[in-house]
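Asker: A predicted structure for the sequence below; I have some questions about it.
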Amino acid sequence: MQAIEFAQDGTASVREIPRPTAGSGEAVIRVTSAGVCGSDISALHGTHPFRKPPLISGHEVGGIIDEIGPGAGDHLRVGTRVVIDPQWPCGSCELCARGDYHLCADKTMLGVPRWPGGLADFVKVPTFTLVPAPESLDTSLLSFAEPVAVAVHAVRRAGQLGGARRAVVLGGGTIGTLITAVLSTQAPDLEITVAEPRQHLHELLTLAGATTTVEDAEQLPGNTYDLVFLAAGVPALVATAIARAATGGTVVQVAVFGSAQPTPIGDMQIREVTMTGTATYTKDDIAAALEVIQAKPRLVERMVTFTDDWTDAARRITAIAAEGPGDVMKLIVSRSSE
């Protein structure tokens, strides 16, 4: 079978590797959809903390069960459409025991040397990582559930949406756009403002469900928003997020910061502003993400760039790593479901 291998010289290329076989509790998935994200690009750069070339990358993966080993359970069969939860937790720590397996410190992520990823014709996974997908969803979109699940989990961390009237998303990149889409899908009456300095993204943010878009977060009124999502790793936005939160409101920290940032603890205390983190997702988030994808077909069409050839995908990945993404917001390799 074919797979894309990341080399230590910063290039991606197609090579032939053996097709995996399913053992007990395992399944082999025929990949129909594989997404490329920033962690793949940093892996190709050699800067990712644990994705070190040479390797088969790719943790945004969906497809069809092609082979299944014993012990899979009755809910999974050959031919079932699935999204892969790319997290293999230890299963024995306190976090795993209480259901927070996504926070397991000893988990392995799909797309590392010890667990080759989904930028390949077939990928082998434990069956507990599989989330069944609806037959109505095009198989080319299955991998898109992973980044949408990040946004679903961030919104889930904000708590119940029923009492919220106003939300603001600080940062309108890929995750900020998807958070906007999740909010507008799950809370249609919510007033959603997005602050994003890149004016050319505002039309897309409106399509995602933004009520209002602004270029400068400092234009926004203080003490106003029930929910604030910090979706851009800009240090100054930490204080901005807390200042814009309404008294009793919630700030969800989504963006990744490379270092500690000053935080106005006194203001948070006096106004009882809650600040919460969010990390990855769970299988429930992936299932909810599939619903968001189905609810926003025009947004998905605008966000995704498809290629159906591994060689072309390898060329594009190498170019993105060397030159930047250009107009590509989300690259997905779509393979035939036949």
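Answerer: Looks like it arrived, so ask away. Residues are numbered from 1 along each chain as shown.
Asker: going forward, measure contacts between C-alpha atoms and count neighbours the same way
Answerer: Fine.
Asker: so for the strand ranked longest in the chain, mean pLDDT?
Answerer: Once the chain is assigned using DSSP state E, the strand that runs over the most residues is strand 26-36. For strand 26-36, mean pLDDT rounds to 97.
Asker: and it, which strands flank it?
Answerer: Strands that pair with strand 26-36, judged by DSSP bridges, come out as strand 60-68 (antiparallel), strand 122-126 (antiparallel), strand 330-334 (antiparallel).
Asker: past it, which element shows up next along the chain?
Answerer: helix 38-45 (DSSP states H and E).
Asker: for that following helix, packing partners?
Answerer: In terms of contacts (3 or more C-alpha pairs under 8 Å, 6 or more residues apart in numbering; DSSP states H and E), helix 38-45 is packed against helix 310-323.
Asker: what's the angle from the helix it packs on to helix 38-45?
Answerer: 80 degrees (axes from the mean of the first three to the mean of the last three C-alpha atoms, to 10 degrees).
Asker: rewinding a little: mean pLDDT and distance to residue 52 added to the strands paired with strand 26-36, as a markdown table?
Answerer: Output for those, formatted as a markdown table (pLDDT from 0 to 100; distance: least, C-alpha to C-alpha, whole Å):
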| stretch | mean pLDDT | distance to residue 52 |
| --- | --- | --- |
| strand 60-68 | 97 | 17 |
| strand 122-126 | 98 | 19 |
| strand 330-334 | 96 | 21 |
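Asker: can you say which of these is packed in most?
Answerer: The highest average neighbour count among the strands paired with strand 26-36, using mean count of other C-alpha atoms under 10 Å, belongs to strand 60-68 at a mean of 26.
Asker: tell me where this structure has helices.
Answerer: 38-45, 94-97, 145-157, 174-186, 202-208, 236-244, 265-270, 283-295, 297-303, 310-323 (DSSP state H).
Asker: make JSON lines out of those and add mean neighbour count and distance to residue 69.
Answerer: Converted to JSON lines, the helices of the chain look like this (neighbours: other C-alpha atoms under 10 Å; distance: least, C-alpha to C-alpha, whole Å):
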{"stretch": "helix 38-45", "mean neighbour count": "21", "distance to residue 69": "29"}
{"stretch": "helix 94-97", "mean neighbour count": "14", "distance to residue 69": "24"}
{"stretch": "helix 145-157", "mean neighbour count": "25", "distance to residue 69": "25"}
{"stretch": "helix 174-186", "mean neighbour count": "24", "distance to residue 69": "35"}
{"stretch": "helix 202-208", "mean neighbour count": "19", "distance to residue 69": "40"}
{"stretch": "helix 236-244", "mean neighbour count": "20", "distance to residue 69": "48"}
{"stretch": "helix 265-270", "mean neighbour count": "12", "distance to residue 69": "52"}
{"stretch": "helix 283-295", "mean neighbour count": "20", "distance to residue 69": "21"}
{"stretch": "helix 297-303", "mean neighbour count": "14", "distance to residue 69": "34"}
{"stretch": "helix 310-323", "mean neighbour count": "18", "distance to residue 69": "27"}
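Asker: which one of those lies closest to residue 72?
Answerer: Each of the helices of the chain has some distance to residue 72 by C-alpha to C-alpha; the shortest is helix 283-295, at 16.6 Å.
Asker: sorry, back to before: and the longest strand of the chain, what's buried?
Answerer: 26, 27, 28, 29, 30, 31, 32, 33, 34, 35, 36 (16 or more other C-alpha atoms under 10 Å).
Asker: residues in contact with the last one?
Answerer: Pointing back at residue 36 there. 58, 60, 317, 330, 331, 332 (C-alpha atoms under 8 Å, 6 or more residues apart in numbering).
Asker: can you list the low-confidence ranges for this protein?
Answerer: Low-confidence segments of the chain, defined by pLDDT under 70: 338.
Asker: give me the most central residue, it.
Answerer: residue 147 (1.9 Å; C-alpha atoms, centre = their mean).
Asker: list the contacts of residue 13.
Answerer: Contacts of residue 13 (C-alpha under 8 Å, 6+ apart): 4, 5, 6, 7, 311, 314, 315.
Asker: and the furthest pair within those residues?
Answerer: Of all the pairs that the contacts of residue 13 form, the one spanning the most space (C-alpha to C-alpha) is 7 and 311, at 14.6 Å.
Asker: what's the spacing between the residue nearest to the centre of the chain and residue 82?
Answerer: 15 Å (C-alpha to C-alpha, to the nearest Å).
Asker: before we move on, what about residue 281?
Answerer: Taken as C-alpha to C-alpha, the span from residue 281 to residue 82 is 16 Å.
Asker: cool, and residue 55?
Answerer: Residue 55 is 23 Å from residue 82, by C-alpha to C-alpha.
Asker: same drill for these two, tell me which one is more crowded.
Answerer: Neighbours were counted for residue 55 and for residue 82 using other C-alpha atoms under 10 Å; residue 82 has more, 26 against 22.
Asker: please look at the more buried one and residue 133 and confirm they touch.
Answerer: Yes: contact criterion C-alpha atoms under 8 Å: residue 82 and residue 133 qualify, at 5.0 Å.
Asker: give me the common contacts of the two.
Answerer: residue 142.
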